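Novice: coordinates only, no sequence provided:
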């Protein structure tokens, strides 16, 4: 009896943004383990290179390319590079995000608002457009947007971040509906509270952490590696009939 090849990514080219640490790093490493050549990306090349080196040391295939998705010209540049170097893209994981403000909604700072929108909405949107164009040329692909449970139930003092994550959930459905005809699927991952540097303000604050535990049936914070399996499902042929979905990986929080 042979094992399933549903989760094999051999020969696939995958791009993961925000992949220098946390959830993005875990995703990049798992996709590489399954055979994909992973383009490891984030704002600073050093962190990307470290993850790419670790993947290669483990016998995988990886390339580090810096890209700040909040800068439109960098998005254009990174896709020109992908086109030139690989000629295709099969998997796009939009994971890079920003959450510069932790404050009451009435104290929203305009600079923080603009930065959050530029990265979390505009960045994901135009990354998906550029990735989608490349996928369309090659007969299809899978776009995975890392949103958040905050897009369903806003987090306290995370107003504009929560709004942008709700937009990502809507955006996922838009791309799923309009790009299905090109063989492109688009789905979203909605992580719950995860032990990352990004979420450290929440995870390391005892009061906030204890309050969160009241609402998480599994009674613990997730490890970044626990998000990667869901992304592998959405990236692979195992999810060939799945598109437009928001997959909660939240320890039961939204239940």
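Specialist: It's in. Because the structure is a prediction, the values reported are computed rather than measured.
Novice: tell me the first helix or strand C-terminal of the helix or strand bottoming out on mean pLDDT in the chain.
Specialist: Lowest on mean pLDDT, DSSP states H and E among the helices and strands of the chain sits helix 200-203, with a mean of 69. Per DSSP states H and E, the first helix or strand lying C-terminal to helix 200-203 is helix 206-213.
Novice: measure the residue nearest to residue 213 when sequence neighbours are not counted to residue 204 for me?
Specialist: Nearest residue to residue 213 in three dimensions, chain neighbours excluded: residue 219, at 5.7 Å (CB to CB, 6 or more residues apart in numbering). C-beta coordinates here come from the backbone N, C-alpha and C atoms, glycine included. Going from residue 219 to residue 204 by CB to CB, to the nearest Å gives 18 Å.
Novice: which residues in the stretch 1-150 of the chain form strands?
Specialist: Along the stretch 1-150 of the chain, counting by DSSP state E, counting those that start in this stretch, strands occupy 13-16, 37-40, 61-64, 91-94, 141-146.
Novice: and those strands as CSV, adding mean pLDDT and distance to residue 245?
Specialist: Below are those laid out as CSV (pLDDT from 0 to 100; distance: least, CB to CB, whole Å):
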stretch, mean pLDDT, distance to residue 245
strand 13-16, 98, 19
strand 37-40, 98, 23
strand 61-64, 98, 28
strand 91-94, 98, 15
strand 141-146, 98, 10
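Novice: and those strands as a markdown table, adding distance to residue 253 and mean neighbour count?
Specialist: Formatted as a markdown table, the strands of the stretch 1-150 of the chain follow (distance: least, CB to CB, whole Å; neighbours: other CB atoms under 10 Å):
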| stretch | distance to residue 253 | mean neighbour count |
| --- | --- | --- |
| strand 13-16 | 24 | 30 |
| strand 37-40 | 29 | 28 |
| strand 61-64 | 32 | 20 |
| strand 91-94 | 22 | 29 |
| strand 141-146 | 16 | 27 |
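Novice: need the ones you listed in a markdown table (columns: distance to residue 2).
Specialist: What follows is those, written out as a markdown table (distance: least, CB to CB, whole Å):
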| stretch | distance to residue 2 |
| --- | --- |
| strand 13-16 | 25 |
| strand 37-40 | 25 |
| strand 61-64 | 24 |
| strand 91-94 | 24 |
| strand 141-146 | 24 |
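Novice: out of the ones you listed, nearest to residue 22?
Specialist: Among the strands of the stretch 1-150 of the chain, strand 141-146 comes nearest to residue 22, with 10.1 Å by CB to CB.
Novice: give me the distance from the closest one to the chain's centre.
Specialist: The chain centroid and the centroid of strand 141-146 are separated by 8 Å under CA atoms, centre = their mean, to the nearest Å.
Novice: what is that strand packed up against?
Specialist: Counting contacts by 3 or more CB pairs under 8 Å, 6 or more residues apart in numbering; DSSP states H and E, strand 141-146 is packed against strand 91-94, helix 124-137, helix 159-179, strand 184-191, helix 225-235.
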